[in-house]
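> Structure of the sequence below:
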Amino acid sequence: MSHPWRAEETRVMVRFVRAILRGGYASAKEALPDSRAALDALRAQARRAGRTIPARTARGVLGRLIGLARAAGRPPRRIGFTAEERGLFARYARLVRAGRYRHVMDAARECVQAHERLRRRAAPRGVRIPERSMSAVFQAVEQRARKLGWSSGIADWTPAEDRVVARFGRGIAVGRYHDALAALPDCRRALVHPGRPLRHTDKGIAARLRRHAHALGRSVYTPWSRDENAVADRFATAVLRGEYPRATAATDDCLRALRHAGCCRRSRAEVRRKLIWRTRTLGREPRYEHWSDRELAILDRFARRLADGRCPSAESAVAPCRRAMLGGGCAARPRIGIRNKLLRRAHALGRPRRDWSWTESELRRLDAVARDYAAHGYPNIAAAADAGLRALGRHRPKGPRTHPGVQHAILSLARKHGRPRSWRLWTPTEERVCDSWVRWYERHRHVRRYKPAQEAARGLQEELQNVGSERTLGACRLRLHIRRLYLHGLAS
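Numbers count the residues shown, from 1 in each chain. A predicted model of the protein is given here:
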């Protein structure tokens, strides 16, 4: 929920909009850091005076700047594609249509690099080609590929299937089912026919159910009742008093209290968002600390080393950068935050992004393994992945490959050779094995150095293989998380 902009906030925004119109800032995005700093100063001044001004997100401030600038007469800055760009996008769309790339995103990554080379070649000729984002290139390539007859491979809904889903969507709209997840098992059973596999995933069926229910007048978002708001306010006040370090820590207790009070069924993410919004409304400041000029100066020094190739990777630059920041009197920052900031600054300085897509030579080596796996030559996908890693050997044109990555590549290639998708519901035997590993994880979760979550997922996968069931490591990890929430009463 967004708060209306107050008059004092608008006055601050108008000052920066005038600077944009005068040419002090090249764009609204360039004025965003200064405008957010001015709003933070205004909010601190109001807090000292006993008043509360809500915090604003970066997207909200940017949208306000753009809206005020448009109202003041500044024209939109959208620049259409040039003829050279359209030719480049059409070339990659033809490659997607011919099957050169498995996904449009793989083609978009290479197209972005080719677009950057095109910009550099056009600069000496005086032709200005703007920089394009990954999403813009992806949409352009996908749109042109669809015009050439390419299909994403997602199964279309037949009229008979759509009538079945519409019947259950009507049940959601009239209240026979609480939501799409409650209607999903019955709808899935109605869609299954003897001798014909189900062509749609649970996520696709649920999305289709919500679309039909929404068309019949059922609101996708269920408003919070007075009792629910009272429970959320109680925990938001506890966060402000310091009983919880942050809103995320109070989410589980708030969810249990909502279920105990018999309120509407809410997801954990929804309750977390509600608590964060209520604590912000009650005056809690965001915990994010902006980077100071001294920190950015030290960070830029190491980002230039990373962009020039003097540092082999961001991980190797994190430790010296953190020591330099602590030696310069800066506050301690987490290593992951320094790493991500280093990568963003290095990419802005021209460091090329790593391309982890599979090469043709690697796919040829894995294709033989995938063909054997499709013919049931391996007992499970883990054994096929081990054989795939041995087939790759020292052939590493883009660096070493991981076991989960090889698993996904072999599964994708095996489907082309006729092996059906291995997704299926968990049986009661598998659930019992999973519950035993959930209890093991609860006993050992405090020993962090042994990585208990990872060990539990691997142990679950091995034990399922012993009982004749094949599950990927990612599926085991996800099921452990879901069963743990269920056993704690946080999911149904």
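> Is Arg339 in contact with Glu315, as I believe?
Yes. Counting by CB atoms under 8 Å, Glu315 is a contact partner of Arg339 at 6.8 Å. No exception for glycine: its C-beta is placed from N, CA and C like everyone else's.
> who has more neighbours, these two?
Ranked by neighbour count (other CB atoms under 10 Å), Arg339 and Glu315 place Arg339 first, with 17 against 11.
> so what's that one up against?
The neighbourhood of Arg339, defined by CB atoms under 8 Å, 6 or more residues apart in numbering, consists of 314-315, 318.
> cool, and Ser313?
The contact partners of Ser313, taken as CB under 8 Å, 6+ apart, are Leu306.
> Distance of it relative to Val141?
To Val141, Ser313 is 30 Å away according to CB to CB, to the nearest Å.
> And for Ala307?
27 Å.
> More neighbours: which of those two?
Shown here are Ala307 and Val141; by other CB under 10 Å, Val141 has more neighbours (27 against 19).
> Okay, and that one sits in which element?
helix 134-147 (DSSP states H and E).
> in that helix, what's buried?
Neighbour counts using 16 or more other CB atoms under 10 Å place 136-138, 140-142, 144-145 of helix 134-147 among the buried residues.
> Quickly list the domain ranges of this protein.
7-71, 83-147, 159-215, 226-281, 293-348, 360-416, 428-487 (automatic domain parsing).
> Include mean pLDDT when you put those domains into JSON lines, please.
What follows is those, written out as JSON lines (pLDDT from 0 to 100):
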{"stretch": "domain 7-71", "mean pLDDT": "86"}
{"stretch": "domain 83-147", "mean pLDDT": "86"}
{"stretch": "domain 159-215", "mean pLDDT": "84"}
{"stretch": "domain 226-281", "mean pLDDT": "85"}
{"stretch": "domain 293-348", "mean pLDDT": "86"}
{"stretch": "domain 360-416", "mean pLDDT": "82"}
{"stretch": "domain 428-487", "mean pLDDT": "83"}
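> As a check, name the ranges of all helices in the stretch 151-300 of the chain.
In the stretch 151-300 of the chain, the segments counted as helices under DSSP state H, counting those that start in this stretch are 159-174, 180-191, 202-215, 226-241, 251-260, 268-281, 293-308.
> how about the CA coordinates for the shortest one, as CSV?
Backbone C-alpha positions of helix 251-260 (Å, rounded to 0.1, in the frame of the first residue of the first chain) are rendered in CSV as follows:
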residue,chain,number,x,y,z
THR,A,251,6.5,-13.5,11.0
ASP,A,252,6.2,-17.1,12.2
ASP,A,253,4.7,-16.2,15.5
CYS,A,254,2.3,-13.8,13.8
LEU,A,255,1.3,-16.6,11.4
ARG,A,256,0.6,-19.0,14.3
ALA,A,257,-1.5,-16.3,16.0
LEU,A,258,-3.5,-15.7,12.9
ARG,A,259,-4.2,-19.5,12.5
HIS,A,260,-5.1,-19.8,16.2
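> what angle separates it from helix 268-281?
Put simply, helix 251-260 runs at 110 degrees to helix 268-281, going by axes from the mean of the first three to the mean of the last three CA atoms, to 10 degrees.
> Flag every buried residue along helix 251-260.
In helix 251-260, counting by 16+ other CB under 10 Å, buried: 251-252, 254-255, 257-258.
> Pick the one among those residues closest to Trp358.
The nearest member of the buried residues of helix 251-260 to Trp358, counting by CB to CB, is Thr251 at 38.9 Å.
> Against Arg273, how distant is the closest one?
Thr251 is 9 Å from Arg273, by CB to CB.
> Also Arg97?
Per CB to CB, Arg97 is found 41 Å from Arg273.
> more crowded one of the two?
Arg97 (17 against 14).
> Let me see the contact set for that one.
Going by CB under 8 Å, 6+ apart, Arg97 touches 145, 148-150.
> want to throw these into TSV with distance to Pro428?
Listed next are the contacts of Arg97 as TSV, based on distance: CB to CB, whole Å:
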residue	distance to Pro428
Ala145	44
Leu148	48
Gly149	46
Trp150	42
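> can you name the two of these that are farthest apart?
Maximum pairwise distance in those, criterion CB to CB, is 8.4 Å, between Ala145 and Gly149.
> you'd agree Ala382 is up against Arg458?
No. Applying CB under 8 Å as the test, Ala382 and Arg458 come out as separate, 9.6 Å apart.
> shared neighbours, the two?
The overlap between the contact sets of Ala382 and Arg458 (CB under 8 Å, 6+ apart) consists of Leu473.
> what residues are up against the spatially closest residue to Glu243 that is not a sequence neighbour?
By the measure of CB to CB, 6 or more residues apart in numbering, the closest residue to Glu243 outside its immediate chain neighbours is Ala250, 7.9 Å from it. By CB under 8 Å, 6+ apart, Ala250 lies in contact with 235-236, 238-239, 243-244, 275.
> can you check Ile205 too?
Applying CB under 8 Å, 6+ apart, the residues near Ile205 are 165, 184, 187-188, 191.
> how far away is it from Tyr177?
13 Å.
> Enumerate every residue touching Leu413.
Leu413 makes contact with 363, 366-367, 370-371, according to CB under 8 Å, 6+ apart.
> quick one: it and Ala475, what's the gap?
Going from Leu413 to Ala475 by CB to CB gives 19 Å.
> Could you do Arg259 as well?
With CB to CB as the criterion, Arg259 and Ala475 are 27 Å apart.
> Can you tell me what sits against stretch 212-231?
165-166, 168-170, 172-173, 180, 210, 232, 254, 257-258, 261, 263-264, 266, 274.
> And that stretch, how far out from the chain middle?
25 Å (CA atoms, centre = their mean, to the nearest Å).
> tell me the secondary structure for Ile53?
coil (DSSP: H, G, I helix; E, B strand; the rest coil).
> Surely it touches Leu42?
Yes. Using CB under 8 Å, Ile53 is in contact with Leu42, at 6.6 Å.
> who touches both of the two?
8-9.
> Would you mind listing the buried residues in the longest helix anywhere in the chain?
Ranked by residue count under DSSP state H, the longest helix found in the chain is helix 28-48. Buried residues in helix 28-48, defined by neighbour count with 16+ other CB under 10 Å: 28, 31-32, 35-36, 38-40, 42-43, 46.
> What of stretch 212-228?
212-213, 218, 224, 228.
> Please save the CA atoms from that stretch in PDB.
C-alpha atoms of stretch 212-228 as PDB (Å, rounded to 0.1, in the frame of the first residue of the first chain):
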ATOM      1  CA  HIS A 212     -11.200 -17.700 -14.500                       C
ATOM      2  CA  ALA A 213     -12.200 -16.800 -10.900                       C
ATOM      3  CA  HIS A 214     -11.100 -13.200 -11.400                       C
ATOM      4  CA  ALA A 215     -13.100 -12.900 -14.600                       C
ATOM      5  CA  LEU A 216     -16.200 -14.000 -12.600                       C
ATOM      6  CA  GLY A 217     -15.700 -11.300 -10.000                       C
ATOM      7  CA  ARG A 218     -13.500 -13.000  -7.400                       C
ATOM      8  CA  SER A 219     -10.800 -10.700  -6.100                       C
ATOM      9  CA  VAL A 220      -7.300 -12.100  -6.200                       C
ATOM     10  CA  TYR A 221      -6.300 -10.200  -3.100                       C
ATOM     11  CA  THR A 222      -8.300 -10.800   0.100                       C
ATOM     12  CA  PRO A 223      -8.400  -7.600   2.200                       C
ATOM     13  CA  TRP A 224      -7.300  -7.900   5.800                       C
ATOM     14  CA  SER A 225     -10.100  -8.000   8.300                       C
ATOM     15  CA  ARG A 226     -10.200  -6.000  11.600                       C
ATOM     16  CA  ASP A 227      -9.200  -9.000  13.700                       C
ATOM     17  CA  GLU A 228      -6.300  -9.700  11.400                       C
END
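> That's all I had, so thanks and see you.
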